[in-house]
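Undergrad: Turn this into a structure:
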Amino acid sequence: MSTTNNSKINRENSTTFSDSDYNSAAYNAYRPTYPSRLFSKIYDYHASHSPSFSTALDVATGTGYTAKELSKKFQQVYATDISQVMLSSASRTSNIQYSVSAAEDLSQFQDSTFDLVTVGQALHWFDREKFFKEAWRVLKQSGTLAIWAYSSHVVNGYPVATKKFMKLIVETFGDYWNPGNSKKLTIDNLYRDIVFHDELFRNIIWERYEFDEKAGQMSKNESLLNEEWSVVRLKNYMKTWSAYKNYMSKYQKENQKVEDPIDKLFEELKKEEGWKDDQILKISWLFVLALVEKK
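TA: Below you'll find the predicted structure:
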């Protein structure tokens, strides 16, 4: 999610998911979870050119949700993340092996090891050229690379609230997103600036689920990422954003009193929309999925 430049916040002063005080438990508790429909699309695509479901690698696994899902389908799953803090909250099963590693350096794995490599909500943080070469190297012949990400959220049936959420993301938090999220042409544009090189990959498929601002709703098909959350759950999710952490931290470090912009917005929406904390909202996210086969 993300947006303009981040000139006011530098990498040294920004909150990152690898910070020792980052609340990985809250991230695990309040972030949306990927649906079975997403994994079915990935598996169907992979099965179209490979019969093997032996080994998988989830890169930038975070708290391990994708790794856990992959472990239901693959005999052995490996999962890496640059953050030991995130891995400390990861799901543990007998056929998942976790390790700390940068996405651009998968040297712990031999060539042609994996049937599937996945990256969820993380490619915009990577040096993509280096990562793609490493992913190609560790994939088996005709292996699959699956990449996906989500951006802003839509509250279905509440176009005014949706516009206010997007305004918060762009205007209030615009300068406070961490460097990866602030690359507008990457995640806000649903990875349209990403190119898979023909010498490495083939059979490239893109699926994008976008928001029609004029209609105030998702533009075509139902998104691949949807949740039914209470109002308070949505608020807690928004407070896991790096931009929110950076925004609040900046004023706290300067010993300035600051009104919590998320709390303020939700109080406004309770009055305007009549929301109550336990009211259930239907939420969809702008979403992109890319599937490619190793050449």
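Undergrad: can you map out the strands along this structure?
TA: Using DSSP state E, the strands of the chain run over 55-59, 76-81, 96-100, 114-120, 139-155, 201-209, 211-212, 217-218, 226-230, 280-294.
Undergrad: can I get the ones you listed in TSV with distance to Tyr244?
TA: C-beta coordinates here come from the backbone N, C-alpha and C atoms, glycine included. Putting the strands of the chain into TSV (distance: least, CB to CB, whole Å) gives the following:
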stretch	distance to Tyr244
strand 55-59	25
strand 76-81	21
strand 96-100	26
strand 114-120	21
strand 139-155	14
strand 201-209	24
strand 211-212	21
strand 217-218	24
strand 226-230	17
strand 280-294	17
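Undergrad: Ok, which of the ones you listed comes nearest Glu259?
TA: strand 139-155 (22.2 Å; CB to CB).
Undergrad: Okay, buried residues for that closest one please.
TA: Neighbour counts using 16 or more other CB atoms under 10 Å place 139-140, 142-155 of strand 139-155 among the buried residues.
Undergrad: Run a quick neighbour tally on Tyr176.
TA: Residue crowding around Tyr176 was assessed by other CB atoms under 10 Å; the count is 26.
Undergrad: now do Asn236
TA: Counted with other CB under 10 Å, the neighbours of Asn236 add up to 16.
Undergrad: quick revisit: which of the strands of the chain has the lowest mean pLDDT?
TA: The minimum mean pLDDT among the strands of the chain belongs to strand 217-218 (a mean of 78).
Undergrad: and it, which strands flank it?
TA: Looking at strand 217-218 with DSSP bridges, its partner strands are strand 211-212 (antiparallel).
Undergrad: from the strands of the chain, which stretch is densest packed?
TA: Of those, the one with the most neighbours on average (mean count of other CB atoms under 10 Å) is strand 55-59, at a mean of 27.
Undergrad: Might one say that Trp229 is in contact with Ile280?
TA: Yes - taking contacts as CB atoms under 8 Å, Trp229 lies within contact range of Ile280: 7.0 Å.
Undergrad: what's across from Leu57 in the sheet?
TA: Here Leu57 sits in beta bridges with Tyr78, Val117, as judged by DSSP bridges.
Undergrad: Spell out the residue ranges of the helices in the stretch 1-150 of the chain.
TA: Ranges of helices in the stretch 1-150 of the chain, per DSSP state H, counting those that start in this stretch, are 24-30, 36-47, 65-70, 84-87, 128-138.
Undergrad: And the stretch 151-295 of the chain, by the same measure?
TA: Counting by DSSP H, counting those that start in this stretch, the helices of the stretch 151-295 of the chain are 159-167, 231-238, 242-253, 261-273.
Undergrad: quick one: buried residues of the second one?
TA: Which is helix 231-238. 231, 233-238.
Undergrad: same thing with stretch 258-269?
TA: 261-262, 265-266, 269.
Undergrad: ok now that stretch, how far from the chain's centre?
TA: Relative to its chain's centre, stretch 258-269 lies at 24 Å (CA atoms, centre = their mean, to the nearest Å).
Undergrad: same question, stretch 279-286
TA: For stretch 279-286, the distance to the chain centre is 17 Å (CA atoms, centre = their mean).
Undergrad: again with stretch 116-123
TA: Counting by CA atoms, centre = their mean, stretch 116-123 comes out at 9 Å from the chain centroid.
Undergrad: so how far is Phe126 from the residue nearest to Lys164 when sequence neighbours are not counted?
TA: Leaving aside its chain neighbours, Lys164 sits nearest to Leu265 (6.3 Å; criterion: CB to CB, 6 or more residues apart in numbering). Going from Leu265 to Phe126 by CB to CB, to the nearest Å gives 31 Å.
Undergrad: on that earlier part again, in JSON lines: the buried residues of stretch 258-269, plus pLDDT and distance to Arg202.
TA: Shown next, in JSON lines, are the buried residues of stretch 258-269 (pLDDT from 0 to 100; distance: CB to CB, whole Å):
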{"residue": "Pro261", "pLDDT": "97", "distance to Arg202": "45"}
{"residue": "Ile262", "pLDDT": "98", "distance to Arg202": "44"}
{"residue": "Leu265", "pLDDT": "98", "distance to Arg202": "45"}
{"residue": "Phe266", "pLDDT": "98", "distance to Arg202": "47"}
{"residue": "Leu269", "pLDDT": "98", "distance to Arg202": "47"}
